[in-house]
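Asks: Need the 3D shape of this:
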Amino acid sequence: MTLSVNSAREVRVSNIFASVKAALMLPIVWLSLYYSAVLKMEINTRSTLHLLNVQVALLLAVLPANAPFVARLICTAWFALALRGCKRNLSSCKRK
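Replies: Model (predicted):
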């Protein structure tokens, strides 16, 4: 099998994407370890993303005091849906 210049570039590009993904996921992995310690459950990165989604939705539904009613209604609906999805996701997590 011979390697051409294009395949070597493809390998380098895929390595760059993998390292960027790992660097972007590192804070989420740290946060999942923190959530695991606080909640005394095994929290994976997917569950961490669900928890973050609920937190952001709650902040956007509560904090902007002068936001239009429709925006608050949308954020409240987002919060309710995020909470339901998070609850469903966390029910599959194991207790420590």
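Asks: Identify all contacting residues around stretch 61-78.
Replies: Counting by C-beta atoms under 8 Å, 6 or more residues apart in numbering, the neighbours of stretch 61-78 from elsewhere in the structure are A57, L60, F79. For glycine as for every other residue, the C-beta is placed from the backbone atoms N, C-alpha and C.
Asks: oh sorry, the question was meant for stretch 81-96
Replies: 36, 40-44, 46-47, 50-51, 53-54, 57.
Asks: So which residue is dead centre in the chain?
Replies: In the chain, the C-alpha closest to the average C-alpha coordinate belongs to L49, at a distance of 2.3 Å (C-alpha atoms, centre = their mean).
Asks: What is the burial count for L90?
Replies: 15 (other C-beta atoms under 10 Å).
Asks: what's the answer for I74, then?
Replies: Number of residues near I74 (other C-beta under 10 Å) recorded here: 14.
Asks: before we move on, back to that, chain neighbours aside, what residue packs nearest to the residue nearest to the centre of the chain?
Replies: Leaving out its chain neighbours, the residue that sits closest to L49 by C-beta to C-beta, 6 or more residues apart in numbering is I28, at 6.9 Å.
Asks: what comes up buried for the strand or helix carrying the residue nearest to the centre of the chain?
Replies: L49 belongs to helix 45-62 when assigned by DSSP states H and E. Applying a neighbour-count criterion of 16 or more other C-beta atoms under 10 Å, the buried positions in helix 45-62 are S47, T48, H50, L51, N53, V54, A57, L58, L60, A61.
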